[in-house]
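>>> The amino acid sequence is not available; the structure is as follows:
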């Protein structure tokens, strides 16, 4: 764990390495946020990552959304998720789903991706298997614009929790 003071004094390349996956597979966010130092508080660091997401065009937001893996999908089965995604999916219980749940999640994921063009994103650490299934069923009814906004808001939640894993308030 780093303090905010240590984050502020990190060499640029170290900052990008440490924060390069707080938004899944998006080192560009860390490159942008490092220029916003110094931060007075942990909340300021989180805010800058959120501003990065808010300032993206719709096409750039789609790139962010498409970089996320399917929940309980092929990459998880192959053990090829990022360390962060592996832990997040595990915390939701997605590593222990039964065959029926896996079938439902996979079918819903495919319908969702077909409709919206990007994977279903939900902050797994704030959910369990049933709430994820419920989210898949309810959010498929949204418009594409609503899902882009909802997906980015979920990315923000994931980002904040990942930052909290790296930086302490003191």
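Looks like it arrived, so ask away. None of these values were measured; they are calculated from a predicted model. Numbers count the residues shown, from 1 in each chain.
>>> How about the one helix or strand residue 5 maps to, which residues are buried there?
Residue 5 is part of helix 4-9, with elements assigned from DSSP states H and E. By 16 or more other C-beta atoms under 10 Å, the buried positions in helix 4-9 come out as 4, 7. C-betas here are computed from N, CA, C, even on glycine.
>>> For whatever helix or strand comes next after it, name the packing helices and strands.
Downstream of helix 4-9, the next assigned helix or strand under DSSP H and E is helix 12-19. For helix 12-19, the helices and strands in contact under the criterion 3 or more C-beta pairs under 8 Å, 6 or more residues apart in numbering; DSSP states H and E are helix 27-34, helix 144-166.
>>> Kindly reformat those as a markdown table and extend each row with mean pLDDT and mean neighbour count.
Listed next are these as a markdown table, based on pLDDT from 0 to 100; neighbours: other C-beta atoms under 10 Å:
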| stretch | mean pLDDT | mean neighbour count |
| --- | --- | --- |
| helix 27-34 | 98 | 19 |
| helix 144-166 | 98 | 18 |
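>>> Confirm that residue 119 sits in a strand.
No - counting by DSSP: H, G, I helix; E, B strand; the rest coil, residue 119 is not part of a strand but coil.
>>> Return the distance of it relative to residue 142.
Residue 119 sits 15 Å away from residue 142, taking C-beta to C-beta, to the nearest Å as the criterion.
>>> what packs against the helix holding residue 5?
Counting by 3+ C-beta pairs under 8 Å, 6+ apart, helix 4-9 packs on helix 42-54.
>>> The helix or strand following the helix it packs on: which residues count as buried?
Downstream of helix 42-54, the first helix or strand assigned by DSSP H and E is helix 58-66. For helix 58-66, a neighbour-count test (16+ other C-beta under 10 Å) marks 61-62, 64-65 as buried.
>>> is it fair to say residue 38 lies in a strand?
No - counting by three-state DSSP, residue 38 falls outside a strand, being coil.
>>> residue contacts, residue 67?
By C-beta atoms under 8 Å, 6 or more residues apart in numbering, the residues touching residue 67 are 24-26.
>>> of all those, which comes closest to residue 13?
residue 26 (16.4 Å; C-beta to C-beta).
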